[in-house]
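A.B. asks: Just need the structure, nothing else, for what follows:
(chains A, B and C)
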Amino acid sequence: MSIAVPHGTPALATTSPVPPEPAPAPVNYLNVSHTIWSWLFTVDHKRIGLLYLGSISVFFIIGGIFAALVRMNLMSPNGAILTEDAYNRAFTAHGVMMLFFFLIPAVPGVMGNFFIPLMIGAKDLAFPKLNLASWYVFMIGAAFSGWAVLVGGIDTGWTLYPPYSSRSSQSNILPGVMGVFISGFSSIMTGLNIMVTIHKMRAPGMTWGRLPLFVWSLYGTSLIQLLATPVVAVTLLLLMVEKAAGIGIFDPTIGGDPILFQHMFWFYSHPAVYIMILPGMGVVSEILTCFSRKNIFGYHAVAWSSMGIAVVGFLLWAHHMFVAGISFYAALLFSLLSMLVAVPSAIKVFNWTATLYRGSITFHAPMILALGFLVLFVVGGLTGLFLATLGTDIHLHDTYFVVAHFHFVMVGGMVIAYMAGLHFWWPKMTGRMYSDWWSRVAAIIMIVGFFLTFVPQFIMGYHGAPRRYPNYPQEFQIYNVLSTAGSSVLGLGYLLPGIYLPLSLFFGKKATANPWSATGLEWITPSPPTVHNFDATPVVVCGPYEYAIGVDQMGRGLPEPPGPGGSDGPTGPSGPMKKETEVVG
Amino acid sequence: MADPTTPATTNDPHGIRKDVDSPGQLFVVFATVLGLALVNVFLSQSIGPTKFTLPLQLAIGSVQAGLVGYYFMHLRQGDKVVILTALSSLFWMGILFVLFMGDYMTRHLVVSQ
Amino acid sequence: MSASTHSPVLKHHFDDLGQQHASERLGIWMFLATEVLFFGGIFGAYTVYRLWYPSEFVLASSHLAWKFATINTVFLITSSLTITLGIRAAKLGDRSALLRYLLITAALGTAFMVVKGFEYKADLHERYVPGPMFQAEYAEAVKPIATMTHAQAEAYFAADATKSHPDHEPWARDLALRNHEGSTAAPADPGKIQLFLCFYYIMTGIHGIHIIVGIGCILWLVWEAWRGTIPPENYSTVEVVSLYWHLVDAIWLFLMPLLYLAGIGYGHH
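C.D. replies: The predicted structure follows:
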């Protein structure tokens, strides 16, 4: 199966010259206009991507502050700094901000908006105004929820289970839920836009079999956003009605079933974890193949496993409810189905590993982070199997084991992948190179800090420490202190890019059009790209990862890849790989 | 413009007129959907709430919705991907129903043990 | 790309009108898929409770105003026809016919909402609203018959029904009698009746909001058509709104049996 390489392309390897470096465009999407209105009313997908980048960075900081509060409080068995009520509000705020206002919009909102049109050779997304509207709707939702969690807070946990949320809780449920409800529409708008764009706006020659894997993964993500988000929208609407009217369909006093809320909530919220992780997998697919200078192994397997995850991801939500009172037979079925999703995930991991095999690997920051993703995702994924197993889940349910598991996937997987993507595409987005040395250091600190934070939680959870409690027995203190100490290392790791990335805008070296010598269409445009992306519609003749023969998707040669010792100096392998890099996949 | 439904390529560079609905067909569909609605009401009223009433009502509703989708919503002339979108929405709703019912219809089996 | 395909309607990021129309159609269909799942969630919840409490749902449904709903069905199906004729007019470039059909559609939608308003008003007048109103009315009906025999209770309610201003609402008489000690019918939990009513108000309410949004979109189309910005090449604008309108219509075709026809023949048997 060498579908990724159409017949005749090997000849290009010897004949196609490296194209001359495109002259930096005097007018690009950043400097075409400078007024605040030109940003607030822009319909340029690249600027909207940056609007998302700015806003989610703020929400990440807010969510991170709440995480720090929670970890600080857990330093002592009876709560170090917060009252018990304030602790509930802090972990809820952390969950709401991180999930709904950082993880879900992160990669689709920033990199999806920015790079999907560039990667498929389109001038813009199919519906530019809808795209801008999605950002405004997102900000309105964030304003509601942000106000709710900052002023008074919500004390139910991000899952908002009734009857606690509908009857007992006296906290800011209504504005908080309203914010999540509203931001869901933004998610739908983004997903719809990306999906229609991928279907209808591809450049000539950009067949489905030549789409970069990032595009495939966002296609799967958008599918989930479209089909799952409306269900949580109606669920939250029902919850708001119940809260406001004092009577509703989840109310057990009139025969309602609170577990029905959990079903409807997780029908979205379980697939939503694939909204969060799938784009990360796409980012990593791009980076691993680029920095090992090899074609991706098993292109079709990786592409279709994205779709497999998107579909199978809908069939297993009730593993969140094994101990909630669902039917025994349903629990059995959901346990089995939950294990099924490990198959496409494993297919991806094996293919990535095979991609690395005998590659010419260079350890730049995106690659270090992508490799970190690979390791952390495997740990997160495999511990998921423990939780999918009915018997062990009874023991591990609602313990720190679960907390550690999903943080390995969501933070170790997704946040690390987001950081990897940001470092990979930063030169294209801003036209500047960041500090190579500092970025490598930050990447290593993030990965190490992450391990230090969450490995103790696995141990503590396995010994039965329940999540969400502000107090714990003395014997768990050592793990909590270790975890808190680790989280400060992790925090430092996140702080560093917050410093050197903005500094690079002013002091960074100017980036060339293709600093990583990558093959995608986005690297054909100057850095930063011009307003309409391409002067002429590109014509695609190759698969997306022809590193073996060293041509980009238009069949042109690649520039010198960055050397292993730094981004300056041609110390890397020259031209097409001389080593054994057979076209695999 | 004597006969506007004839595909006139010279006047119609974008091929917009080639798929114009025939009013007669629209009226027939309209009459059928409306007739089925009234049949649904009178049939439900005369047989009352038996265990066959709901399936019958939903079957009539599905035929109506199918006619609306096929003729009024132009699935008849739809691209493959549009038809796929329409079918996927029903398929995913099916997932929701089947797995919901998988829990609710087997719950009592545990209680009785 | 021949010069003839250029059109002021074509947006800058599309190559040709065919691509633009196909994208718009696919986009709205994907949005409709989200709408199907949105209503699918609440239909799923309804199914759960219908399965659990069939007799209460039938009883509760039998006191809804199905005649209003039938009139509304006629309005909506007719409006689906008129908006489809509107697309035809747009494709043929017949602006006055387009305006006429759009206005008729908007009028039918408005008529639907007016009837809906009367229906809600009647429900409110009957105090057939879940929560304190329902509970108070039901308690009022239960209280006088608490010490009566079943035959006495039947006679009491029959007398009440003939009054020009009855003390009790029909549904409350029905429910109180059914739950009376001497009744041979299976008792009906008033809580579960209220559960049905929650569905009734939420489902018709959400549907009504969709109708209002649809009327707004159609009035916007009227404005655009009146300004002359819907030439035949831009017919897809009308089609996008019409697809939404048809979906709202199709959802009503299911709300009708689930809410109004569930108990329509109740009492005849």
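
A.B. asks: For chain B, give me the ranges with low pLDDT.
C.D. replies: B:1-11, B:13, B:110-113 (pLDDT under 70).

A.B. asks: what residues are up against the closest residue to chain C within the stretch 301-450 of chain A?
C.D. replies: Of all residues in the stretch 301-450 of chain A, the one sitting closest to chain C is A:Phe314 (10.6 Å; CB to the nearest CB). Every residue, glycine included, has its C-beta placed from N, CA and C. Counting by CB atoms under 8 Å, 6 or more residues apart in numbering or on different chains, A:Phe314 touches A:224, A:227-228, A:267, A:270-271, B:92, B:95.

A.B. asks: Can you find the helix or strand of chain A with the lowest average pLDDT?
C.D. replies: helix A:10-15 (a mean of 47; mean pLDDT, DSSP states H and E).

A.B. asks: pLDDT below threshold where in the chain?
C.D. replies: No chain was given, so I picked chain A. Ranges of chain A meeting pLDDT under 70: A:1-16, A:564-585.

A.B. asks: actually it's chain C I care about, not the one you picked
C.D. replies: Residues of chain C that meet the criterion pLDDT under 70 lie in C:1-6, C:267-269.

A.B. asks: what separates the residue of chain B found nearest chain C from B:Leu54, distance-wise?
C.D. replies: Across chain B, no residue is closer to chain C than B:Gly48, which sits at 3.1 Å (CB to the nearest CB). Applying CB to CB, to the nearest Å, the value for B:Gly48 to B:Leu54 is 12 Å.

A.B. asks: These two: who's more crowded?
C.D. replies: B:Leu54 (20 against 16; other CB atoms under 10 Å in any protein chain shown).

A.B. asks: Is that one part of a helix or strand, or is it coil?
C.D. replies: Under the three-state scheme (DSSP: H, G, I helix; E, B strand; the rest coil), B:Leu54 adopts helix.

A.B. asks: A:Asp257 is in contact with C:Leu51, isn't it?
C.D. replies: No: applying CB atoms under 8 Å as the test, A:Asp257 and C:Leu51 come out as separate, 11.2 Å apart.

A.B. asks: who in the stretch 51-200 of chain C is up against chain B?
C.D. replies: C:51-52, C:58, C:66, C:70, C:73-74, C:77-78, C:80-81, C:84-85, C:87-88, C:91-92, C:94 (CB under 8 Å from any CB of the partner chain).

A.B. asks: more neighbours, A:Asp257 and C:Leu51?
C.D. replies: Neighbour count, other CB under 10 Å: between A:Asp257 and C:Leu51, A:Asp257 has more, with 21 against 13.

A.B. asks: May I have the residues that are in contact with the more buried one?
C.D. replies: Counted by CB under 8 Å, 6+ apart, A:Asp257 has contacts A:250, C:48-49.

A.B. asks: Now C:Pro130, what are its backbone angles?
C.D. replies: Dihedral pair for C:Pro130: phi -60, psi 150, per degrees, to the nearest 10.

A.B. asks: Okay, it and chain A: tell me how far apart.
C.D. replies: Using CB to the nearest CB, to the nearest Å, we find C:Pro130 at a distance of 5 Å from chain A.

A.B. asks: how about A:Gly557, phi and psi?
C.D. replies: phi -60, psi 160.

A.B. asks: The contacts of A:Asp257 in strands, which ones?
C.D. replies: Among the contacts of A:Asp257, no member is found in strands (DSSP state E).

A.B. asks: So which of those would count as near chain B as well?
C.D. replies: Applying CB under 8 Å from any CB to the contacts of A:Asp257, those adjacent to chain B are C:Val48.

A.B. asks: What is the nearest of the contacts of A:Asp257 to B:Asp12?
C.D. replies: Nearest to B:Asp12 among the contacts of A:Asp257 is C:Val48, at 51.7 Å by CB to CB.

A.B. asks: Please report the distance of the closest one from A:Ser327.
C.D. replies: For C:Val48, the distance to A:Ser327 equals 12 Å [CB to CB].

A.B. asks: what is in contact with these two at once?
C.D. replies: B:Tyr104.

A.B. asks: Need the single longest helix in chain C, by residues.
C.D. replies: helix C:190-227 (DSSP state H).

A.B. asks: List the buried residues of that helix.
C.D. replies: Under the neighbour-count criterion of 16 or more other CB atoms under 10 Å in any protein chain shown, helix C:190-227 has C:190-204, C:206-208, C:210-211, C:214-215, C:217-219, C:221-222, C:224-225 buried.

A.B. asks: does chain A sit close to it?
C.D. replies: Yes: Helix C:190-227 lies within reach of chain A by CB under 8 Å from any CB, at C:191-192, C:194-195, C:198-199, C:202, C:206.

A.B. asks: And the next helix or strand past that helix?
C.D. replies: As assigned by DSSP states H and E, the chain's next helix or strand after helix C:190-227 is helix C:235-255.
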